[in-house]
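Visitor: Sharing a model that was predicted from the sequence below.
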Amino acid sequence: KGYPTIKVFPAGKKGKAQDYQGPREANGIVDYALNLLEQSGVPPNTPEVTSQSVFDESCTNSGRICVVMFVPHILDSLAAGRNRYLDTLASLAKEFRGKPLNFVWIEGGSQPDLESALGVIASYPTLSVISTEKKIGATQKLSWSLKNCKSFLNGVLSGSERTASFPQVPKISKTTPWDGKDAVLEVEEYPLEDLLD
């Protein structure tokens, strides 16, 4: 009946369009949409980077700051430990919804060029940020906790966190996605007589 008109389509197949009755300025509309998203229970997207295309989709082509969590090798944390780290990442992604951040994760040691560019020193879990557009990044120096991760990201967003530049964004190696299970350490067995000779 009038323009501009905003319609809200709730989550689910049977949701009918509703008239938007919220604020008309940009921040109010964004807050309203984020609140609806929260109510719908849609989890934040936090993909595992296993190829250049996944990295490009989340970190290069989005025009956003990419938050990268490097998790310990599955043999070091087992599935239960890794899932706790991923829950922390999901909590961060939820907390920072509406901010210009995308969240991804990588198994520590699987992308050494990226780790080197970001100054990750094989201490996992580690949280880093990267702007592929500006070729700058930063890595959290504080100990690992949800509170410290939030503080680090707020510092990045406010500009108080120190960043470092690098000449080019490293290429991402193709890796096997995590299957959600514990890893099995493969041990080669040798006959005892071969070891004694």
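Guide: On my side now, so go ahead. Numbering: from 1, shown residues only.
Visitor: looking at this, Ile106 is in a helix?
Guide: No - with DSSP: H, G, I helix; E, B strand; the rest coil as the criterion, Ile106 is located in strand rather than a helix.
Visitor: what's the neighbour count on it?
Guide: Neighbours of Ile106 under the rule other CB atoms under 10 Å: 24. Every C-beta, even on glycine, is put in place using the N, C-alpha and C of the backbone.
Visitor: same question, Lys147
Guide: Lys147 has 9 nearby residues by other CB under 10 Å.
Visitor: likewise the one 4 residues further on?
Guide: The number of residues packed near Ser151 is 14, by other CB under 10 Å.
Visitor: tell me the SS of it?
Guide: Criterion first, three-state DSSP; result for Ser151: helix.
Visitor: start the count at 25, not 1, going forward
Guide: Taking 25 as the first residue, the last one we looked at is Ser175.
Visitor: what's the pLDDT at it?
Guide: On pLDDT, Ser175 comes in at 96.
Visitor: who touches it in this structure?
Guide: When contacts are counted by CB atoms under 8 Å, 6 or more residues apart in numbering, Ser175 touches Leu166.
Visitor: Looking only at residue counts, what's the top helix in the protein?
Guide: Assignment by DSSP state H gives helix 98-119 as the longest helix of the chain.
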